[in-house]
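A.B. asks: Requesting a structural model of the entry that follows:
(2 chains)
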Amino acid sequence: MTSLSASHRVSSTIAPPPALRFEGVTFSHEDKVLLGPCSFTLDGIGPTLVMGPNGAGKSLLLRLAHGLLSPGQGKVSWSGGTPPRQAMVFQQPVLLRRSAVANLIHALAVNNVPRRERGKLALGALERFGLAACAKTPARLLSGGQQQRLTLARAWALSPQVLFLDEPTSALDPAAIKAVETAVHDFHQRGTRIVMTTHDIHQARRLAGDVLFLSGGKLREHTPAETFFNQPVSPQAQAFVAGELVE
Amino acid sequence: MENNAFYVALSLLFSLDAALFQIVMLSLQVSLLAVLIAAVLGFPLGAAVALWRFPGRGGVIVMLNALMGLPPVVAGLMVYLLLSRAGPLGELGFLFTPGAMVIAQVVLVLPILAALSRQKVEEMLGEYREQFVSLGMSRARMMPTLLWDARFALLTVLLAGFGRASAEVGAVMMVGGNIDGVTRVMTTAIVLETGKGNLPLALGLGIVLLTLVILINAGAYMVGELTRRRTG
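C.D. replies: Next up, the predicted model:
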């Protein structure tokens, strides 16, 4: 595997993303409140790790922030009014039935990148993520780890100001997990705000700048990583960090 | 020997009988053109029904599914009424021409292509939807991407449409008229020869028709398999 060391020089930096504000956001399904009401503001570039047990509402929170879902009540807004350029990496890579490079070119095309620039940007992103040799390979014939790297390369090519990642490593082996974490680091270096869910507390310790901790659909705390792992404020987070089984 | 259908079929083929050649070519031209037109209209229609939510959508889906079983003679009758001298399009003088046969077959094939492509595109959309919304794609922008990514499934759908077009006799008989050298295709020729009692020739034509359909399906299957293996 090609190593994705941090020694890669980060070529361009990204305009700082506007603040993301959740105000009393609630999401329900069939009269059952699955998330909220929850309020918080993200204004740095994180990485913000969204943590909590299964069913806590981590993925919902990410989808609401990215605009894939609309809140039942409350408001999700970006300071300045216009949403920034953003991308999302899913737990299961969603790739088109085309070659690796065609997947990237498609993403660039729908984002109105001029035709002349698409090929160069796509190949550059593939190269950065160690996929240049598989440019012509059908995306769905790549290994699981390569597929997830391809979705990261696709996001990279789009130069997002905000990148959402939903449990991006839960189906991967350690080498592939390392590649994803290196990529997250590279995005961070470039100035992209990272918002990522994980259930792996060790991964969170490695990556987190700040932590949003959810349990039972409620936001229990939003604290800097150091505080969260050393002196968590909420009883639920204390139990979670202590390794107890939290619902 | 002369009464053996296989002998008749083979001798028709190997003697490159001019009349037979013309019948076969017209059959292919009419059905392929009809399938092409139906695909150009039906695939985007199917994809649109899969993509957009609108009042009466359920009714449209039921209608498309039901029309897959439209009896060819009913399609023929509709096109006949439309194209007859007194009909709204009578001025065109299309009745009893190959053009009328193409129109009738489009009417038969369009619902098949639209209904089946709707199913395929909707399945694929279920898998792609979040990624598409994440990329900021509008529904109109999703359509070409979905149609291209469903290309292997749509090739099979296309074959189903071609099968329907090349096999039917009722509609082309009514609007074409089975005129020798002008609108006679394989199916109408088979009906005619059977009626005349010339069963070996009818059966011979049947074998030619069947062989052609098998060859086209085999070709499409191989193209599909090869590309599927290459693209995953």
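A.B. asks: ok, for B:Leu28, nearest residue in space, not its chain neighbours?
C.D. replies: Once flanking residues are discounted, B:Leu28 sits nearest to B:Leu212: 7.4 Å by C-beta to C-beta, 6 or more residues apart in numbering or on different chains. All C-beta spots, glycine's among them, are computed from the backbone N, C-alpha and C.
A.B. asks: Quick one: mean pLDDT over the host helix or strand of that neighbour.
C.D. replies: Taking DSSP states H and E as the definition, one finds B:Leu212 inside helix B:199-231. The pLDDT scores in helix B:199-231 average 84.
A.B. asks: What residues sit buried inside it?
C.D. replies: Residues of helix B:199-231 classed as buried by neighbour count (16 or more other C-beta atoms under 10 Å in any protein chain shown): B:200-209, B:212-213, B:216, B:224, B:231.
A.B. asks: what do you get for stretch A:54-73?
C.D. replies: For stretch A:54-73, burial by neighbour count (16+ other C-beta under 10 Å) applies to A:56-69, A:71-72.
A.B. asks: What average pLDDT does it get?
C.D. replies: 94.
A.B. asks: Could you tell me the angle between the worst-scoring helix or strand of chain B on mean pLDDT and helix B:199-231?
C.D. replies: Lowest by mean pLDDT, DSSP states H and E among the helices and strands of chain B is helix B:5-14, with a mean of 76. Computed with axes from the mean of the first three to the mean of the last three C-alpha atoms, to 10 degrees, the direction of helix B:5-14 lies at 70 degrees from that of helix B:199-231.
A.B. asks: Report the buried residues of the helix or strand that helix B:5-14 is followed by.
C.D. replies: Scanning forward in sequence from helix B:5-14 by DSSP H and E, the next helix or strand is helix B:18-51. By neighbour count on 16+ other C-beta under 10 Å, the buried set for helix B:18-51 is B:20, B:23-24, B:26-28, B:30-39, B:42-51.
A.B. asks: Equivalent analysis for stretch A:235-247, please.
C.D. replies: Buried residues in stretch A:235-247, counted by 16+ other C-beta under 10 Å: A:Gln236, A:Ala237, A:Phe240, A:Val241, A:Val246.
A.B. asks: for stretch B:129-144, same thing?
C.D. replies: Within stretch B:129-144, the residues that count as buried by 16+ other C-beta under 10 Å are B:Glu130, B:Gln131, B:Phe132, B:Val133, B:Ser134, B:Leu135, B:Gly136, B:Met137, B:Met142, B:Met143.
A.B. asks: picking that back up, pull the contacting residues for the residue nearest to B:Leu28.
C.D. replies: Neighbour list for B:Leu212: B:Val24, B:Ser27, B:Leu28, B:Ser166 [criterion: C-beta atoms under 8 Å, 6 or more residues apart in numbering or on different chains].
A.B. asks: Inside helices: which ones of the buried residues of stretch B:129-144?
C.D. replies: B:Glu130, B:Gln131, B:Phe132, B:Val133, B:Ser134, B:Met142, B:Met143 (DSSP state H).
A.B. asks: which stretches of chain A have low pLDDT?
C.D. replies: Judged by pLDDT under 70, chain A has its weakly predicted residues at A:1-12, A:247.
A.B. asks: Strands of that one, residue ranges please.
C.D. replies: Secondary structure of chain A by DSSP state E: the strands cover A:20-29, A:32-42, A:48-51, A:73-78, A:86-89, A:162-166, A:193-197, A:210-215, A:218-224.
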